[in-house]
Structures are given as C-alpha cells and as structure tokens.
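>>> Take a look and give me a structure for this.
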Amino acid sequence: MDILGGCFGLILSAIPIIFLAIRIKKDGGPIFYAQERIGKNSKPFIMYKLRSMVPNADDLKDTLLEKNELHGGMFKIKEDPRVTEIGRTIRHYYLDELPQFWNVVKGEMSLVGPRPCLKRELTQYSEHDKQRLLVKPGISGLWQVSGRSNLDFADMIELDLQYIKQRSINLDLKICFKTIRIVLFSEDPGAY
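Presented below is the predicted three-dimensional model:
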C-alpha cells in the first residue's frame, strides 16, 4: 500500500512540485531541504521537503530556542521569522511535505505514522516517548489530523502511541482521507 501510494503521490505531486520549485528558486537558495531524521527502530535517514525557510534556518534556530511554543522534544514557533513568504503558503497547505512521497517509495517512511523526529529531539525522549519509534514514520498521522501545532508534545506522543496500538488499513485510510480534506479545504487551525 505504501509503495503504490508513494508512487501515485509522486505522480500527482510532480506538477505542483515543479511550479513551487520555480517560485522557491526566485527567493534564492536551494529548492529542496534535506535533513537527517530518526526512523523506525531509531535508524537515521534523510527526509526531503520543499524549502519553506531561509537557507540558513538551521543556524538561526539556536537564537530562537527561548521562543519555542511546544514543551518537550519538539520546536515550533507560530510566527517563525525564518519562514519565507512562499514558505507560509506551502506550510499552510502541507505542500512542503510532497517530496516525502520519495521517502515512502524508498521504504524509509509510510504514508501514515508518527512524524520522524530530529536526532537532538530524540535525546530528550523518555523510554515511554521512544515507543513511537517502533513503526515507520509517516507523512501524515493521527497527531496531524487531530490538531497538529495546537497540541503539545505529550498529546503528540499519546496520539502516536494510540495509533500504533490501533493501527489498521481502515485507520490508515481514515487518516489519509482526513489529511486530503484538511489540505484541500484548509481545515487545519494548527497549520503553521
């Protein structure tokens, strides 16, 4: 299901990616953003996104740590000054995630699952939190369709663990359809 869905996703997203690549390139810097993330069983892999921030965003992160709006092992700022003009739009509609269909085709990610964490975030995980690494990370998941940035780190962990315990093709399909609805109709108040 993941490989077929990933291939289908790549085909459907090819035209939007080309259009967005041209727009992102106008801002200068690379089109894609590649970052090491932690996958199933704590195995690192490179995750791809369309670049939505200034090229030196990672270098600027340390200067913004005190503005972090999420507690625990995640970093999120609602009005992040590193996000570009086009970046705000593509983040709102989750379009920056489109290249991750390639990660799905490569077998590093699933269509549905917990979001992959950063290595530095993993160092803050408790043994309880690390249970979310028992499955492949996903492009979308129960956390993303349940409020995303409006939820705190503990809520994310509990939703991810709930998904792992209850996962099934039926639940994956429900999450996929809800994700599509959120993207198409901009129904996610937690998108930033």
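>>> now the strands for the chain?
Using DSSP state E, the strands of the chain run over 32-38, 44-50, 110-112, 138-140.
>>> Enumerate every residue touching the nearest residue to residue 25 once chain neighbours are set aside.
Among residues not flanking residue 25 along the chain, residue 31 sits closest, at 5.7 Å (Cβ to Cβ, 6 or more residues apart in numbering). C-beta here means a position set from N, CA and C on the backbone, and glycine is covered the same way. By Cβ atoms under 8 Å, 6 or more residues apart in numbering, the contact set of residue 31 is 21, 24-25, 50-51.
>>> Compare those residues and tell me which has the most neighbours.
residue 50 (25 neighbours; other Cβ atoms under 10 Å).
>>> so who does that residue touch?
Per Cβ under 8 Å, 6+ apart, neighbours of residue 50: 17, 20-21, 24, 31-33, 90, 95-96, 98-99.
>>> Buried ones from these, can you make that a ChimeraX selection?
Here is the ChimeraX command that selects the buried residues among those (16 or more other Cβ atoms under 10 Å):
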select :17,20,21,24,31,33,90,95,96,98,99
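>>> Turn the contacts of residue 50 into a markdown table, columns for pLDDT.
Shown next, in a markdown table, are the contacts of residue 50 (pLDDT from 0 to 100):
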| residue | pLDDT |
| --- | --- |
| 17 | 95 |
| 20 | 96 |
| 21 | 95 |
| 24 | 94 |
| 31 | 96 |
| 32 | 96 |
| 33 | 94 |
| 90 | 92 |
| 95 | 92 |
| 96 | 94 |
| 98 | 96 |
| 99 | 97 |
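>>> I'd like the contacts of residue 50 laid out as CSV, including distance to residue 64.
Shown next, in CSV, are the contacts of residue 50 (distance: Cβ to Cβ, whole Å):
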residue, distance to residue 64
17, 28
20, 25
21, 27
24, 22
31, 24
32, 23
33, 17
90, 20
95, 23
96, 19
98, 26
99, 25
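>>> now, among the contacts of residue 50, which is nearest to residue 169?
Nearest to residue 169 out of those is residue 98 (Cβ to Cβ; 23.2 Å).
>>> can you count the residues close to residue 7?
14.
>>> With residue 177 instead?
11.
>>> For stretch 14-28, C-alpha coordinates in PDB please.
Coordinates of the C-alpha atoms in stretch 14-28 are reproduced here as PDB (Å, rounded to 0.1, in the frame of the first residue of the first chain):
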ATOM      1  CA  ALA A  14       5.100  16.300  -9.900                       C
ATOM      2  CA  ILE A  15       3.400  19.400 -11.500                       C
ATOM      3  CA  PRO A  16       2.800  21.200  -8.100                       C
ATOM      4  CA  ILE A  17       6.500  20.500  -7.200                       C
ATOM      5  CA  ILE A  18       7.800  21.900 -10.500                       C
ATOM      6  CA  PHE A  19       5.600  25.000 -10.100                       C
ATOM      7  CA  LEU A  20       6.600  25.500  -6.400                       C
ATOM      8  CA  ALA A  21      10.300  24.800  -7.300                       C
ATOM      9  CA  ILE A  22      10.300  27.800  -9.700                       C
ATOM     10  CA  ARG A  23       8.700  30.000  -7.100                       C
ATOM     11  CA  ILE A  24      11.100  28.900  -4.300                       C
ATOM     12  CA  LYS A  25      14.100  29.400  -6.500                       C
ATOM     13  CA  LYS A  26      13.200  33.000  -7.100                       C
ATOM     14  CA  ASP A  27      13.900  33.600  -3.300                       C
ATOM     15  CA  GLY A  28      17.400  32.200  -3.800                       C
END
